[in-house]
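Novice: quick one, what's the 3D model for this:
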Amino acid sequence: MAKFQSLPEAVAENLHDGDIAAFEGFTHLIPHAAAHEAIRQGRKDLTLIRMTPDIIYDQMIGMGMAKKVVFSYAGNPGVGLLRRMRDAIENGWPRSIETLEHSHAAMANAYEAGAAGLPCAVFRGYVGADLPKVNPEIRSVTCPFTGEKLAAVPAHRPDVALIHAQKASRRGDILIEGIIGVQKEVALAARRVVVTVEEIVDDFDDLHPNLCILPHWTIASVAHVPGGAHPSYTQGYYARDNAAYLLWDKISADRALFTEWMQKNVLDAGPEVFAARVEGL
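Specialist: Have a look, this model is predicted:
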């Protein structure tokens, strides 16, 4: 059942060293505030799962928090490389990381399998692809009905999922609007779920019943963090801060500049800075 907590309390209670963690969001609703709180709390030896690692995973990897990344695309959206991730892979700075690369379809199906309590996902994919040569978790099975050869990957069952959403009701139900991505699936697949939200409302009685709503019994903790997705966007609240993504390319290209920026903007800051940044847009 959902608890209403401060973001530091929610992260401290639900994210532990060595956890398999998924900070999910697709194009928007990316949980930057939650990731920054994890950085401030110094979590380490995490296995990070995400369909599209972007600058929050670049920051977490650059701070030495990750030992392994399971992903299907990694990049600074619309800009280029994740330079801190590349530095860790190629040069072991600040530590070496293991990587497991999948297709988008495999990641989405693995989350769905985890949400359904299944041990693996079976789907059509990887035909003619080279990823099975470098990812030992990509296997194949034969359909017992048709004889067709299908791809199979282990289900994703994170210890904790951290997502951002528009609203929470006072009961702890979560409303997600706009591009949903895999937030619903990762929440249902994870053992614990932390949600940061733009606002808390009495109920959703006046909203369309077919909106994506996660029931309170799927959620461990809810934290009220306005602006918690910045510099990504939250539909209905604020736009994407494109300048921040362009700036990150410069910041992340230099170890010293990266370290200085993280100290000033993350380690010495707190959740309240996100609302201030959004107000300044």
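
Novice: any idea how far L247 lies from M60?
Specialist: 18 Å (Cβ to Cβ, to the nearest Å). Placement of C-beta: from N, CA and C, glycine included.

Novice: which of the two has more neighbours?
Specialist: A count of neighbours by other Cβ atoms under 10 Å puts M60 above the other of L247 and M60, at 24 against 15.

Novice: confirm the more buried one sits in a helix?
Specialist: Yes. Under DSSP: H, G, I helix; E, B strand; the rest coil, M60 falls within a helix.

Novice: ok, S96 to G178 distance?
Specialist: For S96 relative to G178 (Cβ to Cβ), the value is 37 Å.

Novice: who has more neighbours out of those two?
Specialist: Between S96 and G178, G178 has the larger neighbour count (other Cβ under 10 Å), namely 16 against 11.

Novice: mind checking the SS state of that one?
Specialist: G178 falls in the coil class when you classify it by three-state DSSP.

Novice: quick one: contacts for it?
Specialist: 28-29, 234-236 (Cβ atoms under 8 Å, 6 or more residues apart in numbering).

Novice: what number of residues lie near E98?
Specialist: Residues within reach of E98, counting by other Cβ under 10 Å, total 11.

Novice: could you list everything it pairs with in the sheet?
Specialist: E98 forms beta bridges with K68, as assigned by DSSP bridges.

Novice: pretty sure it sits against K68.
Specialist: Yes. If you go by Cβ atoms under 8 Å, E98 and K68 touch, sitting 4.2 Å apart.

Novice: returning to that earlier point: most neighbours among the contacts of G178, which one is it?
Specialist: Neighbour tally across these (other Cβ under 10 Å): the maximum, 27 neighbours, falls on L29.

Novice: the residue nearest to it when sequence neighbours are not counted sits in which helix or strand?
Specialist: Nearest non-adjacent residue to L29, counting by Cβ to Cβ, 6 or more residues apart in numbering: H164, 4.6 Å away. Here H164 is covered by strand 160-169, with elements defined by DSSP states H and E.

Novice: okay, now the sheet partners of that strand, with direction.
Specialist: Strand 160-169 pairs in its sheet with strand 20-23 (parallel), strand 174-176 (antiparallel), strand 192-201 (parallel), by DSSP bridges.

Novice: picking that back up, A2: which of the contacts of G178 is nearest?
Specialist: Closest approach to A2 among these (Cβ to Cβ): L29, at 17.7 Å.

Novice: which regions of this protein lie under the pLDDT threshold?
Specialist: Scanning the chain for pLDDT under 70 picks out 276, 279-281.

Novice: the helices in it, which residues?
Specialist: Using DSSP state H, the helices of the chain run over 7-14, 32-40, 55-62, 83-91, 104-115, 131-134, 183-189, 242-252, 255-262, 272-279.

Novice: what sits against the closest residue to A189 other than its chain neighbours?
Specialist: The shortest distance from A189 to any non-neighbouring residue, by Cβ to Cβ, 6+ apart, is to G114 (3.1 Å). By Cβ under 8 Å, 6+ apart, the residues touching G114 are 155-158, 185-186, 188-190.

Novice: A115: neighbour count?
Specialist: Close neighbours of A115, defined as other Cβ under 10 Å, add up to 20.

Novice: isn't it up against V193?
Specialist: No. In this structure, A115 is not within contact of V193 by Cβ under 8 Å, at 11.5 Å.

Novice: can I get stretch 144-163 in CSV, CA atoms only?
Specialist: Extracted C-alpha coordinates of stretch 144-163, given in CSV (Å, rounded to 0.1, in the frame of the first residue of the first chain):
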residue,chain,number,x,y,z
PRO,A,144,5.1,-26.5,-29.4
PHE,A,145,2.1,-25.8,-31.7
THR,A,146,3.6,-24.5,-34.9
GLY,A,147,7.3,-25.4,-34.7
GLU,A,148,8.3,-21.8,-35.3
LYS,A,149,11.6,-20.7,-33.8
LEU,A,150,11.0,-17.7,-31.4
ALA,A,151,13.3,-15.4,-29.4
ALA,A,152,13.3,-15.7,-25.6
VAL,A,153,14.8,-13.5,-22.9
PRO,A,154,14.6,-13.5,-19.1
ALA,A,155,11.8,-11.5,-17.5
HIS,A,156,12.7,-8.2,-15.9
ARG,A,157,11.8,-8.3,-12.2
PRO,A,158,13.5,-5.2,-10.7
ASP,A,159,13.9,-5.0,-6.9
VAL,A,160,12.6,-1.4,-7.3
ALA,A,161,11.1,0.8,-10.0
LEU,A,162,11.2,4.6,-9.8
ILE,A,163,8.9,6.5,-12.1
